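>>> Following is a predicted model, sequence given first.
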2 protein chains.
Amino acid sequence: MVKRMGAGTLVFENMPKIRGFASVAGKKEAEGPLRALFDKIIYDSRGGAETYEEAESRLQQEAALLAMEKSGLHSADIDYVFAGDLLNQCVGSSFGMKVYGIPFLGQYGACSTMAQALISGAVFTESGAANNALCVTSSHFCAAERQYRFPMEYGEVRTPTAQWTVTGAGACVLSQNEGAAKIKAAAVGKITDMQITDSNNMGAAMAPAAADTIMRFLRDTGADIADFDRVITGDLGLVGSDILHELLSKEGVDVCGRHSDCGLLIFDREAQDVHAGGSGCGCCASVLCSKILPDLQSGRLRNILFIATGALLSATTAQQGKSIPSIAHLVNITV
Amino acid sequence: MVKRMGAGTLVFENMPKIRGFASVAGKKEAEGPLRALFDKIIYDSRGGAETYEEAESRLQQEAALLAMEKSGLHSADIDYVFAGDLLNQCVGSSFGMKVYGIPFLGQYGACSTMAQALISGAVFTESGAANNALCVTSSHFCAAERQYRFPMEYGEVRTPTAQWTVTGAGACVLSQNEGAAKIKAAAVGKITDMQITDSNNMGAAMAPAAADTIMRFLRDTGADIADFDRVITGDLGLVGSDILHELLSKEGVDVCGRHSDCGLLIFDREAQDVHAGGSGCGCCASVLCSKILPDLQSGRLRNILFIATGALLSATTAQQGKSIPSIAHLVNITV
């Protein structure tokens, strides 16, 4: 059973296991600090597909297939797939996952989607609804850029606070029984809106959501921030990370020494000219599945908080001058 | 606990209850056969908001608020909201729900989203994760039309197989204890793709998904179609309903005498000039919450299958000439 510790905060008594996981990344990501850790690198932006959107679907397909293979499972063994992405109507997921014939539940939490998928997958697994659940998310720089901003051909100049959408995907298979890393607890985010309207500064919009979820989780579970080896957000970038440190410090929580951000881990920010860091549903998913979960498996990490953040805007609401509602979902993973 | 009857098929041992529900509809919907049944009618397309998108968010807000009121609950009593809509990046939901401060899990299944939300909400409730979960979806004719097709000012001529996006929303509060109607079982859909590329004939694309889910549910649970008073799909419309009857009849299942479709219930198809019927995330949600659930409460219906169908395309994939992947999620509701 799942133990309810307050609205949105959950403790999993049997702790769903992460049985297998895999990451796929693009060329720019493969030139960054995690280059040796991705399971697969796709060097061409279209990855053999006709369109960037189809290329994104293939990232998801590859990550899912590798995660199933590494779990020793066939698609017929998976009870549900929880999948999501940033494309309009989440077509990265529907076109990506349709080949596998797995019962499909589309998730949308912008760049927080991987954590949302893990939480939903964990509840389904813990409740008995699933023996095995697949969680997968993706993003693609070119597909996102032309959807949210400008055609690729335009060669837009970016502001210093802007983040760079990661071309990548990550996939995890959750299972009732097998796997070293376990999902111990979670907190589902509430939508926060600090009336920030600059869609080139999403880190600032999302940091308050991350602070809110972290504080609520600590309060509801009685945990101390020092209980966790690392507190890993995705994807606040440089600007959002600074704001998070400040917001938590005002609440008496010092996270600086134990905080990393997936948007900062995936790129060498200055050498790779990505301004405030990486972002996208594929950013924290590919970092989780290339760096964080292997570190948990090897014992380098033992108990972490993974907090994926999302900016719940669209190009339409941005053009209408609306603010950026944001969210952060937290997953406590342990070994 | 949730009993797993096969990949995607679930039986709920404690049967989450539908504690309260409400529907909100627009002017055209209020001129149709269900006019007297909606909880609230918003006559203006913008509903007092600046934009159609904001108007859609208000539909969700109103439906959610009424459903909470009718449940005797405050937003602080709700553990999770499962919400979704058709707008890019699901902004109808994020902007609609942000006012309530409820932990938020964004769902995307196109017009099948209400059934997906009910299934996820039921698993969370049954597992102990939620005491109360809110499920809400919406659509808005003008917001959908200009996003998927043409600007409103263009006055597009529609094909006979096209469906009319409903302006409306429906919301249900699921609860562990109180409520007459109960969620007994469910089947999560698999993505089917029959290579149909005509986005003005989504009924044809979605009917095979509905047939697949219904047949799988009957097989996995050992139920007979005659066990159910009504089999209610949403939203196949006229074209899709005929195809569903034919597909099921080939499998030896005669559904004709007990089948209704939300897309056909909500409008007087000929008098209201809606061609093949209604559609949109708000269509089956508002029909469920105005007509179906009251009929279950009054005892007019006792045991039904609610099968919401979704076409998982986007304007981008349609313009790229891609086929239309489709899905159907089934919920067995009983009293």
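All right, it came through fine.
>>> what about the strand or helix carrying residue A:331 and chain B, touching?
Using DSSP states H and E, residue A:331 sits in strand A:326-334. Yes: counting by CB under 8 Å from any CB of the partner chain, chain B is contacted by strand A:326-334 at residue A:327. Placement of C-beta: from N, CA and C, glycine included.
>>> now stretch A:40-47
No: using CB under 8 Å from any CB, we find that stretch A:40-47 stays clear of chain B, coming within 12.7 Å at best.
>>> Same question for stretch A:194-213.
No: judged by CB under 8 Å from any CB, stretch A:194-213 and chain B are separated, with a smallest distance of 9.1 Å.
>>> and if you look at stretch A:155-168?
No: Stretch A:155-168 stays clear of chain B (CB under 8 Å from any CB), getting no nearer than 13.7 Å.
>>> Can you list the buried residues in that stretch?
Applying a neighbour-count criterion of 16 or more other CB atoms under 10 Å in any protein chain shown, one finds A:161-168 buried in stretch A:155-168.
>>> Quick check: phi and psi on the closest residue to residue A:276 other than its chain neighbours?
Closest residue to residue A:276 apart from its sequence neighbours, by CB to CB, 6 or more residues apart in numbering or on different chains: residue A:237 at 3.8 Å. Its backbone dihedrals place residue A:237 at phi 70, psi -170, with angles given as degrees, to the nearest 10.
>>> And the helices in the stretch 151-300 of chain A?
A:202-221, A:237-250, A:262-265, A:281-287, A:293-297 (DSSP state H, counting those that start in this stretch).
>>> which ones are touching residue A:224?
Taking CB atoms under 8 Å, 6 or more residues apart in numbering or on different chains, we find residue A:224 in contact with residue A:218.
>>> still on that earlier bit, state the pLDDT value of the residue nearest to residue A:276.
You'll see residue A:237 listed with a pLDDT of 96.
>>> Now do the strands in the stretch 1-150 of chain A.
Counting by DSSP state E, counting those that start in this stretch, one finds strands in the stretch 1-150 of chain A at the ranges A:2-6, A:9-12, A:17-26, A:40-42, A:80-85, A:104-106, A:132-139.
>>> Of the ones you listed, which stretch is the most buried?
strand A:132-139 (a mean of 32; mean count of other CB atoms under 10 Å in any protein chain shown).
>>> Using CSV, write out the CA atom coordinates for that one.
Below are the C-alpha coordinates for strand A:132-139, written out as CSV (Å, rounded to 0.1, in the frame of the first residue of the first chain):
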residue,chain,number,x,y,z
ASN,A,132,6.2,-3.8,-14.6
ALA,A,133,5.7,-0.2,-15.7
LEU,A,134,7.8,1.7,-18.2
CYS,A,135,8.4,5.4,-17.7
VAL,A,136,9.9,7.4,-20.6
THR,A,137,10.3,11.0,-21.6
SER,A,138,12.2,12.8,-24.4
SER,A,139,13.0,16.2,-25.9
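>>> If you count contacts, what does that strand end up packed against?
helix A:52-71, strand A:80-85, helix A:91-97, helix A:113-127, strand A:168-175, helix A:281-287 (3 or more CB pairs under 8 Å, 6 or more residues apart in numbering or on different chains; DSSP states H and E).
>>> Next, report how far it is displaced from the centre of its chain.
10 Å (CA atoms, centre = their mean, to the nearest Å).
>>> same thing with stretch A:141-150?
Relative to the chain's own centre, stretch A:141-150 is displaced by 19 Å; criterion: CA atoms, centre = their mean.
>>> For that stretch, which residues meet the burial criterion?
Buried residues in stretch A:141-150 (16+ other CB under 10 Å): A:141-149.
>>> From the residues you listed, pick the one nearest chain B.
Ranked by distance to chain B (CB to the nearest CB), those are led by residue A:147 at 7.5 Å.
>>> Report the contact partners of the residue lying closest to residue A:164 once chain neighbours are set aside.
Once flanking residues are discounted, residue A:164 sits nearest to residue A:274: 3.8 Å by CB to CB, 6+ apart. Applying CB under 8 Å, 6+ apart to residue A:274 gives the contacts A:163-164, A:267.
>>> Please apply the same query to residue A:116.
Residue A:116 neighbours (CB under 8 Å, 6+ apart): A:82, A:84, A:107, A:109, A:188, A:308, A:329, B:105-106.
>>> who's in contact with residue A:55?
Contacts of residue A:55 (CB under 8 Å, 6+ apart): A:42, A:45-49, A:140, A:142-143.
>>> Identify, from the residues you listed, the entry nearest to residue B:208.
residue A:49 (25.1 Å; CB to CB).
>>> I figured that closest one was touching residue A:58, is that so?
Yes: if you go by CB atoms under 8 Å, residue A:49 and residue A:58 touch, sitting 5.7 Å apart.
>>> Neighbour count: the two, which is higher?
Each of residue A:49 and residue A:58 has its neighbours counted (other CB atoms under 10 Å in any protein chain shown); residue A:58 has more, 21 against 17.
>>> is it true that that one touches residue A:45?
No: counting by CB under 8 Å, residue A:58 does not reach residue A:45; the two are 11.5 Å apart.
>>> picking up where we left off before, out of the helices and strands packed on strand A:132-139, which is the most enclosed?
helix A:281-287 (a mean of 37).
>>> send the alpha carbons of that one over as PDB?
What follows is helix A:281-287 as a C-alpha-only set of coordinates in PDB (Å, rounded to 0.1, in the frame of the first residue of the first chain):
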ATOM      1  CA  CYS A 281      11.800  16.500 -20.800                       C
ATOM      2  CA  GLY A 282      14.800  14.600 -22.000                       C
ATOM      3  CA  CYS A 283      17.300  16.500 -19.900                       C
ATOM      4  CA  CYS A 284      16.700  15.200 -16.400                       C
ATOM      5  CA  ALA A 285      15.500  11.800 -17.800                       C
ATOM      6  CA  SER A 286      18.800  11.200 -19.600                       C
ATOM      7  CA  VAL A 287      20.900  12.500 -16.700                       C
END
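>>> Is the residue lying closest to residue A:179 once chain neighbours are set aside bridged to anything, and to what?
Once flanking residues are discounted, residue A:179 sits nearest to residue A:17: 3.1 Å by CB to CB, 6+ apart. Under DSSP bridges, the beta-bridge partners of residue A:17 are residue A:175, residue A:182.
>>> any common contacting residues for residue A:58 and residue A:45?
Common contacts of residue A:58 and residue A:45 (CB under 8 Å, 6+ apart): none found.
>>> Quick one: residues contacting residue A:197.
Counting by CB under 8 Å, 6+ apart, residue A:197 has contacts A:318, A:321-324.
>>> Which of the residues you listed sits closest to chain B?
The closest of those, once distances to chain B are taken by CB to the nearest CB, is residue A:322, at 7.1 Å.
>>> residues in contact with the closest one?
Here residue A:322 is in contact with A:197, A:313, B:95 (CB under 8 Å, 6+ apart).
>>> Kindly present the residues you listed as JSON lines, with separate columns for pLDDT and distance to residue B:76.
Output for the contacts of residue A:322, formatted as JSON lines (pLDDT from 0 to 100; distance: CB to CB, whole Å):
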{"residue": "A:197", "pLDDT": "93", "distance to residue B:76": "28"}
{"residue": "A:313", "pLDDT": "96", "distance to residue B:76": "26"}
{"residue": "B:95", "pLDDT": "98", "distance to residue B:76": "21"}
